[in-house]
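**Student:** Here is a sequence together with a model predicted from it:
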Amino acid sequence: MNALKELQTCFQPVLGKYTDNVDDMLNLIRPSKEAKFGDFQANFAMPLGKSTGKPPREIAEEIVAAVDLSGLCEHVEIAGPGFINLTLKEQWLKSNLAHALADDRLGVEPVASPRNYIVDYSSPNVAKAMHVGHIRSTVIGDALTRILNFMGHQAKSDNHIGDWGTQFGMIIYGYRNFRVEADFDKDPIGELSRLYRFVRLLIDFHKSTGKLPELQTQLKQLQAELADQKQQQSIAEEKSAIKKIKKEISQTNKRIAECQQQIAKATGIVEQVNADSLVETADAHKDIATAVLLETAKLHEGNAENRELWEKFLPICKQDMQTIYDRLDVSFDMELGESYYHQQLGDVVNDLEAKGFARISDGAMCVFLEDFETPMIVRKQDGAFLYSTTDLATIKYRMENFAADACLYVVDHRQHEHFEKLFAVASMWGYDQAELKHVSFGTVMGKDGKPFQTRSGDTVGLAGLLDEAERRALVIAKEVNETLSHPVDESQLKENALVVGIGSLKYADLSQNRSSDYTFDYDKMLALKGNTATYLQYGYARVQGIWRKVDTDIDSVRANPVEFAFATGIERSLAVQLLRFEEALSDVLIEYKPNLLCNYLFDLCQIFFRFFDQCNVKNAETESLKFSRLQFCDLTARTLKTGLGLLNIGVLDKM
Ligand code: ARG
């Protein structure tokens, strides 16, 4: 059940009299921030006052007189300029709690109109080891798929792996020229990763040596420009002129900083090649960048030798990826990577051209779009297809084979423009019925405020990250265990550390608004206090502890339900929060933000601990009050477990 939805249903017919924009007004009914304002607050009288010219308070009074809230609210109060404070009826709360208690779904109703979703997430480029950037897509996509399915939608997950791109040209080239056979036999994925990084380094080295002189010149020019601007600033008199020159100076400074950054990066690469005595090797492979493209093109054209190598490498790469998914307990309904679509790409381009959407420009086949400066290229001058072409084929496939109503792309925010263009072209091409959504997310940052990197400046590998989270969780678990009167045994301890460590890592990510960058911090994520998985898991374990203390077991409480009692204010607060579970899950699906579920669970857990502090469960005044409180405990634990389960985070009976 969803009190907010029920309130909206009650107000809907009444609001039509004042506006055409009923839905927007209904969105102004929100949970109250403070208990003294009731459980919900309706704030639509103010905008309605503006649009109708009537005093908002008068409108609020009219609406309150007209709306029928008799089954739902016991108290409706108009406050200040026209806020409507709504307090839910005790009976409504109690009967819905009873319903939730008896229901496996905790009273959460499936949506009225289920949709077919494809959730495209994780999707790494497979020739390289998975890194910290992949954790976000993987856990956010996994959580969204679970929540969509729980809410009654049909959500299918698709791991659209990059298994056909230039990275394969790189390892093919690397394997032919630089492999150490014995290493490959011993640790194929290790050797392939090394080859990938090695080829990348040589390509970057040539690029950097080529670019450095240009960058140096650019820097000199910018510095001269800055000196010039400073000169102008010293003689400027008029206010507007001073303002203008100040702005120009700040822009030049910014460009200088950017240029210096690029120089530092390029210099770093050159220095690394020098330090590793690789200059000779690099010189012997001057055209490595072109050669890699050539190997990729040969693979795409069906060259037998390259195809054979690709077939040899792909399972190795996938197996490596699978070990990470196993540790995260993530699986996919489909794994249709880029290679799956390669034979369809020619038809996609031909169709776009035949329909008049694509045309040749500078030798490349392009789709020009009204709102974009640059076109989307769907076939390069040399005949190669692109990431975009594959994505178009993928959309066509998903629409034709799954009748998708919505496709979610859980991908880094830096691909924003790619998806904007992709969706515009898809819509032009005729796929304008489905919701195509880039569920974008920010960068994982280190504690130093810079993108999270290893000391040498590489991206941080995901496997090592999971190891470290587990290791630290074990240290903490051991410490806590030593303080317990009934410590758990070693193997249990290790298992607990896994649930806590991996759970914390996932939760740290999921609890952030996905659009923001988030700071990776082991100490924070594993803290027992605060909005962490550990805190919620601890809340769950505390409830399990209660069952070990009281003389009543969980089955007999469930078999003999009593009416919920609100002997204290905190019990009522806990009731209201427990009954907001469906509301929280619906909120997640508006903008696909799992952090809203985290916030909900965190609030629930906090209220629960207050309840637990203030209300004696074991020695409640009466037997029925004790049972009511045990029911609160049961419902809280089940809500925490279900909620965490939807985030694919486990719970523990003891910790
Ligand atoms: N493989 C891509 C990358 O690592 C992400 C793919 C996302 N999905 C898609 N359909 N474009 O950047």
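**Tutor:** Received, thanks. Bear in mind the structure is a predicted one, so any value in this text is a computation, not a measurement.
**Student:** so what's whatever residue of the stretch 451-600 of the chain ends up closest to the ligand bridging to?
**Tutor:** Of all residues in the stretch 451-600 of the chain, residue 459 sits closest to the ligand, at 11.8 Å by CB to the nearest ligand atom. Every residue, glycine included, has its C-beta placed from N, CA and C. Under DSSP bridges, the beta-bridge partners of residue 459 are residue 453.
**Student:** Get me the contact residues on this protein for the ligand.
**Tutor:** 120, 123, 124, 125, 160, 162, 391, 394, 409, 411 (CB under 6 Å from any ligand atom).
**Student:** Which residues are in contact with the residue of the stretch 451-600 of the chain closest to the ligand?
**Tutor:** Residues in contact with residue 459, defined by CB atoms under 8 Å, 6 or more residues apart in numbering, are 131, 132, 133, 452, 453.
**Student:** Let's see which of the residues of the chain next to the ligand end up in strands.
**Tutor:** 120, 409, 411 (DSSP state E).
**Student:** could you dump those residues to JSON lines with pLDDT and distance to residue 101?
**Tutor:** Shown next, in JSON lines, are those (pLDDT from 0 to 100; distance: CB to CB, whole Å):
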{"residue": "120", "pLDDT": "98", "distance to residue 101": "38"}
{"residue": "409", "pLDDT": "98", "distance to residue 101": "39"}
{"residue": "411", "pLDDT": "97", "distance to residue 101": "40"}
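**Student:** related to what we said a few turns ago, min pLDDT across the residues of the chain next to the ligand, which one?
**Tutor:** pLDDT across these is lowest for residue 125, at 92.
**Student:** just checking, that one touches residue 165?
**Tutor:** Yes. Here residue 125 reaches residue 165: they are 6.2 Å apart, a contact under CB atoms under 8 Å.
**Student:** Run through the neighbouring helices and strands of the longest helix along the chain.
**Tutor:** If you go by DSSP state H, the chain has its longest helix at helix 188-235. Applying 3 or more CB pairs under 8 Å, 6 or more residues apart in numbering; DSSP states H and E, we find helix 188-235 packed against helix 166-178, helix 181-186, helix 239-275, helix 279-284, helix 288-301, helix 304-328.
**Student:** Show me the one of those helices that comes nearest residue 478.
**Tutor:** helix 304-328 (20.8 Å; CB to CB).
**Student:** packing partners for the closest one?
**Tutor:** helix 132-150, helix 166-178, helix 188-235, helix 288-301, helix 462-483, helix 490-510.
**Student:** At the geometric centre of the chain, which residue do we find?
**Tutor:** residue 140 (3.5 Å; CA atoms, centre = their mean).
**Student:** okay, now the residue nearest to that one when sequence neighbours are not counted: neighbour count?
**Tutor:** Of all residues not flanking residue 140 in the chain, residue 410 sits nearest, at 5.2 Å (CB to CB, 6 or more residues apart in numbering). Neighbour count for residue 410, taken as other CB atoms under 10 Å: 27.
**Student:** for residue 410, what are its contacts?
**Tutor:** Contacts of residue 410 (CB under 8 Å, 6+ apart): 119, 120, 121, 122, 136, 137, 140, 141, 144, 439, 441.
**Student:** go on, residue 432?
**Tutor:** Residue 432 neighbours (CB under 8 Å, 6+ apart): residue 426.
**Student:** And for residue 637?
**Tutor:** 539, 540, 543, 544.
**Student:** from those, which would you call buried?
**Tutor:** 539, 540, 543, 544 (16 or more other CB atoms under 10 Å).
**Student:** would you list the residues you listed in TSV and tack on distance to residue 349 and pLDDT?
**Tutor:** Putting the buried ones among the contacts of residue 637 into TSV (distance: CB to CB, whole Å; pLDDT from 0 to 100) gives the following:
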residue	distance to residue 349	pLDDT
539	55	96
540	53	97
543	59	94
544	59	94
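**Student:** Nearest to residue 360 among those residues?
**Tutor:** residue 540 (61.4 Å).
**Student:** List the contacts of that closest one.
**Tutor:** 637, 640, 641, 644, 651, 652.
**Student:** If we use 6 Å, what do you get?
**Tutor:** 637, 640, 651 (CB atoms under 6 Å, 6 or more residues apart in numbering).
**Student:** Would you mind getting the angle between the helix or strand hosting it and helix 462-483?
**Tutor:** Using DSSP states H and E, residue 540 maps to helix 533-549. Counting by axes from the mean of the first three to the mean of the last three CA atoms, to 10 degrees, helix 533-549 lies at 40 degrees to helix 462-483.
**Student:** If we go by neighbour counts, what in helix 533-549 is buried?
**Tutor:** 533-544, 546-547.
**Student:** Now tabulate the residues you listed in a markdown table and tack on distance to residue 218.
**Tutor:** Output for the buried residues of helix 533-549, formatted as a markdown table (distance: CB to CB, whole Å):
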| residue | distance to residue 218 |
| --- | --- |
| 533 | 47 |
| 534 | 49 |
| 535 | 51 |
| 536 | 52 |
| 537 | 53 |
| 538 | 55 |
| 539 | 56 |
| 540 | 58 |
| 541 | 59 |
| 542 | 61 |
| 543 | 63 |
| 544 | 64 |
| 546 | 68 |
| 547 | 69 |
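**Student:** Just the closest residue of the stretch 401-550 of the chain to the ligand, please.
**Tutor:** Counting by CB to the nearest ligand atom, the stretch 401-550 of the chain gets nearest the ligand through residue 411, at 4.6 Å.
**Student:** what number of residues lie near that residue?
**Tutor:** Neighbours of residue 411 (other CB under 10 Å): 22.
**Student:** partners of it in the sheet?
**Tutor:** With DSSP bridges as the rule, residue 411 is bridged to residue 440.
**Student:** re earlier: distance between the helix holding residue 540 and the chain's centre?
**Tutor:** 27 Å (CA atoms, centre = their mean, to the nearest Å).
**Student:** ok, back up a step: pick the most deeply packed of the helices and strands packed on helix 304-328.
**Tutor:** Ranked by mean neighbour count, the helices and strands packed on helix 304-328 are led by helix 132-150 with a mean of 24 (mean count of other CB atoms under 10 Å).
**Student:** how about the next helix or strand after it: buried residues?
**Tutor:** Using DSSP H and E, the helix or strand that follows helix 132-150 in sequence is strand 154-158. Neighbour-count burial for strand 154-158, with 16+ other CB under 10 Å as criterion, is recorded at 155, 156, 157, 158.
**Student:** Check stretch 519-538 too.
**Tutor:** Within stretch 519-538, judged by 16+ other CB under 10 Å, the buried ones are 519-520, 522, 525-526, 531-538.
**Student:** mind checking how far the residue lying farthest from the centre of the chain is from residue 54?
**Tutor:** In the chain, counting by CA atoms, centre = their mean, residue 235 sits farthest out from the average C-alpha position, at 51.6 Å. Distance of residue 235 to residue 54, given as CB to CB, to the nearest Å: 59 Å.
**Student:** likewise residue 472?
**Tutor:** In terms of CB to CB, residue 472 sits 60 Å off from residue 54.
**Student:** How about residue 255?
**Tutor:** 54 Å.
**Student:** ditto for residue 389
**Tutor:** 57 Å.
**Student:** ok, residue 337 - contacts?
**Tutor:** 161, 163.
**Student:** one step back: from the contacts of residue 410, which is closest to the ligand?
**Tutor:** Checking the contacts of residue 410 against the ligand by CB to the nearest ligand atom gives residue 120 as the nearest, at 4.7 Å.
**Student:** wait, doesn't the closest one sit right on residue 157?
**Tutor:** No. Taking contacts as CB atoms under 6 Å, residue 120 lies outside contact range of residue 157: 8.1 Å.
**Student:** Show the pLDDT at residue 519.
**Tutor:** In this model, residue 519 carries a pLDDT of 92.
**Student:** Likewise for the one 3 residues further on?
**Tutor:** As predicted, residue 522 sits at a pLDDT of 92.
**Student:** For it, list the residues it contacts.
**Tutor:** So residue 522 contacts residue 472 (CB under 6 Å, 6+ apart).
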